[in-house]
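Q: Fold the following.
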Amino acid sequence: MATKKAGDIMIPLQEYPHIPYWFTLRQAVAELEKSALQVEGRMSLPRALLVFDEKYDLVGILRRRDILRGLEPKFLRTMSISHRKSLFDVEIDPKLADLSAGQVGDAMREQSEHPVSEVMQPIVSTVSVDDHLAAVIYKMLSRDLYLIPVLKEQEVVGVIRSVEVFHEVASLLL
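A: Residues are numbered from 1 along each chain as shown. This is a model prediction of the structure:
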């Protein structure tokens, strides 16, 4: 069995969720919530969105954890982790968690109107459609990535997730 290339295992760009950098965090949440990928007959949820500028150049990746970080209310960011935890400790006072959750919910709704550009991650690596699976694996491992954009003539044409790479490795081994 011949080793596949990046272009053989990528998810085409038109099938992967992506947004412009000026979208709000709320809009990004909505996009992720409605997104589902079907890859080789298997349903999968994306863990990130690709972020583009007005020229349709890829400028970043927005992971679920980036969104959650961006939604964290400002008043919590200045508190220590132990103090944040105590705000939701129902063993101390069951009413405390309800009060805190209401305040947090309101503050999260306010934060959700911020643009994704404030919390997105920069692109740290890409692969070419002609790169072999081993090169894709090396780049993903050396840069601790689970998603890597695929380029053809300097244009983004798709993405490869670690799940696709793992599936290919499994098919080679099993």
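Q: where does the closest residue to Y21 other than its chain neighbours land in three-state SS?
A: Once flanking residues are discounted, Y21 sits nearest to S117: 4.3 Å by CB to CB, 6 or more residues apart in numbering. C-betas here are computed from N, CA, C, even on glycine. Counting by DSSP: H, G, I helix; E, B strand; the rest coil, the backbone at S117 sits in helix.
Q: So V39 sits against I9, correct?
A: No - in this structure V39 lies outside contact range of I9 using CB atoms under 8 Å: 9.2 Å.
Q: rewinding a little: OK, contacts around the residue nearest to Y21?
A: Y21, W22, V51, V59, G60 (CB atoms under 8 Å, 6 or more residues apart in numbering).
Q: And the last one, how far from P122?
A: Pointing back at G60 there. 6 Å (CB to CB, to the nearest Å).
Q: same deal with the second one?
A: The spacing between W22 and P122, counted by CB to CB, is 17 Å.
Q: what does Q14 give?
A: From Q14 over to P122 (counting by CB to CB), the distance is 23 Å.
Q: Can you get me a residue count around T78?
A: 8 (other CB atoms under 10 Å).
Q: again, but for the one 4 residues further on
A: Neighbours of S82 under the rule other CB under 10 Å: 7.
Q: out of V39 and I9, which sits in the busier spot?
A: Neighbour count, other CB under 10 Å: between V39 and I9, I9 has more, with 19 against 14.
Q: Right, I'll call it a day here.
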